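Enquirer: Structure for this input, please:
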Amino acid sequence: MVATAATVCWPSFASAQFQRAQNAVTVRAVAARSVVRPGDQVVIAVAFQHAPEFHSWPNEPVIPPELGAFTPIPTTLELVSTPEGSTVQPIQWPAPEPVRVNYTGSPLDLLSFVDTAVAYVAIDLPPDQPVGPFVVQLTAGYQACDDRICYPPRSIDLEVPLEVLAAGVEASIELNEPELFSDFGLVGSGVSVLRPVSMNVFGWSFSLNPGGFGGMALLLFVAAIGGLVLNFTPCVLPVIPIKIIGLSQASEDPARMLMLGIVMSLGVVVFWIALGAAIAFISGFSAISSLFQTGWFAPLVGVIVAVMGLGMMGLFEFRLPQFIYKIEPGQESVPGSFGFGVLTAVLSTPCTAPFMAGASAWAATQPPATTLSTFGSIGIGMALPYLVLSAKPGWLKKMPKTGPASVLVKQVMGILMFAVAAFFLGTSISAWVQTPPDPPTRVYWWIIAGFIIGACVWTVYKTFAITKSTGRRIVVSFLALDLSVVCLVLASGFSDRGPIDWTYFTDSRFEESKSRGEVIVLDFTAEWCLNCKALEHGVLFRDEIADLLNGPGVNPMRIDLTGDNPAGKAKLAELEWVGIPLLAIYGPGIGYEEPIKYDSYTPGMVQSAVERARSGGNP
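Expert: Predicted structure coming up:
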């Protein structure tokens, strides 16, 4: 079919139509930050503002068959002048939207830029960028159309003034027009703008704009809430009773108890700030999970926890190095409290929490001051319960401080510390023997179960020795038996690969699945990630979800980050994420560039996301 003359003929320059089209599209360019530093990434938003009833061709026009051989004029952006030595990243274009037009006598939908369409130009400045002002010059080209006709193309010259501060000087984090940069995603390396932080907490999705004092304060508050919630994850819960017992020893001296609580809280905060500093300043250290991929972190933590277990059981009569006595939690010293605070924070690293995951992922891509502030807020939130507890000695006065019951509680806690040590040592051994992308061994879960069952047996044995109460003996025996059975069931489940027929990730397998047009459900996991296992067994292994993921047109793909997995870490970085768990869902309905991402999810969320990835539509 040949396009009508109206489609290719333009109105005269004197006509009212042409004069109307002169104001059809307004183009302007705005830098995210007018003041930058050497090595920063300069992000420029080029906004094409369309008047009502007008649209323009996208950068890659799609011509419907009804328009025949018609040749459109695409929207273009050309950088005329950039700093010497800088690197220009690929332009991030907006997604076109369908517009109803009538160019041939029959209505049809045409993919076009409408309303305010924003393209992003990202320029990586060289580390030796000269200090002072400079100007980025661009030329924007477009062709405006209405529902009946396309008008002559136009070309607009744009200038963006910028200023480079000296290296080491903190540039402003304020965005010039935050709403213009809400859709910007990192393109290449460098420092991102302060784009909104997306959160998804079990189906409740929202975003925060960190621009300005109020926005940043709100983000830091949310990060602190995430740190607070970390205390209720399976990584930290086992050590809370130990600290409560320790603080109770000092409850008769409120001033000392408060001092020890402050010192322990300081240990928690210092660890999180140190972790933020590692992410901000150490090349290749881009995520919390990087700790577990060093090769030394997990086994070192395992040995320290095992030594603490010995101390809890009263086995420090052996001559050991002096530093070991300082981390023994039964000795409420200043070094011991600080070390215990650090250890508590360390034990939280295998887990993530709602709010904390999104905040830390965003912070890892920001300038150092922002990264440190966010991670420090996570530490403050995590430390808050211990600080409050130490300020309220009356809450702990009912805790037994001496006697057989107190000794038994410490001994049981010591055996459970051995189970924690077995977890860290087991994950490190799994990493050593694993060859990615193959999954690691899970035999160590039976060793963990053995220690927990041992703690249950010891509890029953000592209970019969210290009390003659039949009721107490029955209750303790019943609880110990119940916990032992649950432990065996969990060990069996955690050591089992489950009902899903996983494909273990490689770049080539991912690309092959894309070429087949499959929905890809990409699950990031690791043996040390207890949140991952909770979501795995609580959501992914449910019959209806397993059947969905094993069904036609869906490829469940797994990335295991237990050990050194460069391809997996690169994929996580590509998704602009720093922690796990993470579920990324791709598919023909939404494309393969911007997946749906969840760090916490329900069965309904997974089902909805797979359907959307399959056929499009709203989430």
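
Enquirer: Next, Glu544: secondary structure please.
Expert: Put simply, Glu544 is helix when judged by DSSP: H, G, I helix; E, B strand; the rest coil.

Enquirer: Report the separation between the closest residue to it other than its chain neighbours and Asp543.
Expert: Spatially, and ignoring its direct neighbours in sequence, Glu544 is nearest to Pro603 (6.6 Å; Cβ to Cβ, 6 or more residues apart in numbering). (Glycine included, C-beta is placed from N, CA and C.) Between Pro603 and Asp543 the distance is 10 Å, computed by Cβ to Cβ, to the nearest Å.

Enquirer: Between the two, point out the one with more neighbours.
Expert: Pro603 (15 against 9; other Cβ atoms under 10 Å).

Enquirer: low-scoring stretches of the stretch 451-600 of the chain, by residue?
Expert: Confidence mapping of the stretch 451-600 of the chain against pLDDT under 70 gives the ranges 578.

Enquirer: Could you pull out the helices in it for me?
Expert: Ranges of helices in the stretch 451-600 of the chain, per DSSP state H, counting those that start in this stretch, are 470-494, 507-515, 530-535, 543-549, 566-574.

Enquirer: of all those helices, which lies closest to Thr427?
Expert: Smallest distance to Thr427 across those (Cβ to Cβ): 10.3 Å, for helix 530-535.

Enquirer: what about the longest helix in the protein?
Expert: Scanning the chain for the longest helix, with DSSP state H as the assignment, gives helix 404-433.

Enquirer: what's that helix packed up against?
Expert: Contacts defined by 3 or more Cβ pairs under 8 Å, 6 or more residues apart in numbering; DSSP states H and E place helix 404-433 against helix 240-248, helix 297-312, helix 444-466.

Enquirer: what angle separates the second one from helix 404-433?
Expert: Put plainly, it is helix 297-312. Counting by axes from the mean of the first three to the mean of the last three Cα atoms, to 10 degrees, helix 297-312 lies at 160 degrees to helix 404-433.

Enquirer: from the chain's centre, how far out does helix 297-312 sit?
Expert: Taking Cα atoms, centre = their mean, to the nearest Å, one finds the center of helix 297-312 at 28 Å from the center of the full chain.

Enquirer: Likewise for the last one?
Expert: Taking Cα atoms, centre = their mean, one finds the center of helix 444-466 at 37 Å from the center of the full chain.

Enquirer: orientation of it relative to helix 297-312 in degrees?
Expert: Going by the same axes, to 10 degrees, helix 444-466 makes 10 degrees with helix 297-312.

Enquirer: what's helix 444-466 in contact with?
Expert: The contact list for helix 444-466, computed with Cβ atoms under 8 Å, 6 or more residues apart in numbering, reads 404-405, 408, 411-412, 415-416, 418-419, 422-423, 425-427, 429-430, 472-473, 476-477, 480-481, 483-484, 487-488, 490-491, 494-495.

Enquirer: Can you give me the buried ones in that helix?
Expert: Using 16 or more other Cβ atoms under 10 Å as the test for burial, helix 444-466 gives 444-445, 447-456, 458-460, 462-463.

Enquirer: re earlier: filter the contacts of helix 444-466 to the buried ones?
Expert: 408, 411-412, 415-416, 418-419, 422-423, 425-427, 429-430, 476, 480, 484, 487, 490-491, 494.

Enquirer: Could I get the helices and strands packed on helix 404-433 in a markdown table, plus columns for distance to Ile380?
Expert: Shown next, in a markdown table, are these (distance: least, Cβ to Cβ, whole Å):
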| stretch | distance to Ile380 |
| --- | --- |
| helix 240-248 | 17 |
| helix 297-312 | 22 |
| helix 444-466 | 31 |
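
Enquirer: Of all those, which one comes closest to Thr71?
Expert: helix 297-312 (59.3 Å).

Enquirer: buried ones in the closest one?
Expert: 297-299, 301-302, 304-312.

Enquirer: What helices and strands are in contact with that helix?
Expert: helix 334-348, helix 404-433.

Enquirer: I figured Leu535 hits Asp599, correct?
Expert: No. At 9.0 Å, Leu535 and Asp599 do not qualify as touching, with contact defined as Cβ atoms under 8 Å.

Enquirer: what touches both of the two?
Expert: Pro581, Leu583.

Enquirer: looking at this protein, which helix or strand is least sure?
Expert: helix 5-8 (a mean of 38; mean pLDDT, DSSP states H and E).

Enquirer: what's the residue nearest to Ala613 when sequence neighbours are not counted in contact with, if anything?
Expert: Sequence neighbours aside, Gly587 is the residue nearest to Ala613 in space, at 2.7 Å (criterion: Cβ to Cβ, 6+ apart). Neighbour list for Gly587: Glu518, Val519, Ile520, Val610, Arg612, Ala613, Arg614 [criterion: Cβ under 8 Å, 6+ apart].

Enquirer: Return the most buried member of the helices of the stretch 451-600 of the chain.
Expert: Of all these, helix 530-535 carries the top mean neighbour count, a mean of 20, counting by mean count of other Cβ atoms under 10 Å.

Enquirer: which helices and strands does that helix pack with?
Expert: Using 3+ Cβ pairs under 8 Å, 6+ apart, helix 530-535 is in contact with strand 519-525.

Enquirer: Just the pLDDT at Pro152, thanks.
Expert: Note on Pro152: pLDDT of 84.

Enquirer: Tell me which other helices or strands the regular element (helix or strand) spanning Ala255 touches.
Expert: Ala255 is located in helix 254-281, with elements delineated by DSSP states H and E. Secondary-structure packing of helix 254-281 (3+ Cβ pairs under 8 Å, 6+ apart): helix 240-248, helix 334-348, helix 368-390.

Enquirer: By mean pLDDT, show me the worst of these.
Expert: helix 240-248 (a mean of 65).

Enquirer: Tell me how many other residues crowd Asp496.
Expert: Count around Asp496 with other Cβ under 10 Å applied: 12.

Enquirer: Next up, identify which helix or strand the nearest residue to it once chain neighbours are set aside is on.
Expert: The shortest distance from Asp496 to any non-neighbouring residue, by Cβ to Cβ, 6+ apart, is to Arg442 (7.9 Å). Taking DSSP H and E as the definition, Arg442 sits outside all helices and strands.

Enquirer: From Arg497, how far out is Arg442?
Expert: Between Arg442 and Arg497 the computed distance is 8 Å (Cβ to Cβ).

Enquirer: Give the residue from the two that has the larger number of neighbours.
Expert: Arg442 (17 against 11).

Enquirer: Provide a list of residues in contact with Val136.
Expert: Counting by Cβ under 8 Å, 6+ apart, Val136 has contacts Ala31, Val42, Ile44, Leu79, Ser81, Thr82, Pro83, Ile123, Glu159, Val160, Leu162.

Enquirer: Which member of those is positioned nearest Phe281?
Expert: Val42 (21.8 Å).

Enquirer: Look at that closest one and give its secondary structure.
Expert: strand.

Enquirer: How about it: what's its closest non-neighbour residue?
Expert: Spatial nearest neighbour of Val42, excluding adjacent residues (Cβ to Cβ, 6+ apart): Ile123 at 4.4 Å.

Enquirer: I'd assumed the one you found was in a strand, is it?
Expert: Yes. Assignment of Ile123 by three-state DSSP places it within a strand.

Enquirer: who's it bridged to?
Expert: For Ile123, the beta-bridge partners under DSSP bridges are Val42, Val88.

Enquirer: what's the neighbour count on it?
Expert: That count, for Ile123 with other Cβ under 10 Å as the rule, works out to 23.

Enquirer: From what I see, it and Val88 are in contact.
Expert: Yes. Between Ile123 and Val88 there is a contact under Cβ under 8 Å: 5.4 Å.

Enquirer: okay, and the common contacts of these two?
Expert: Common neighbours of Ile123 and Val88 (Cβ under 8 Å, 6+ apart) are Leu79, Thr82.

Enquirer: Give me the average confidence score over the longest helix of the chain.
Expert: Per-region confidence: helix 404-433 scores 79 on mean pLDDT.

Enquirer: by how many degrees do it and helix 470-494 diverge?
Expert: 10 degrees.
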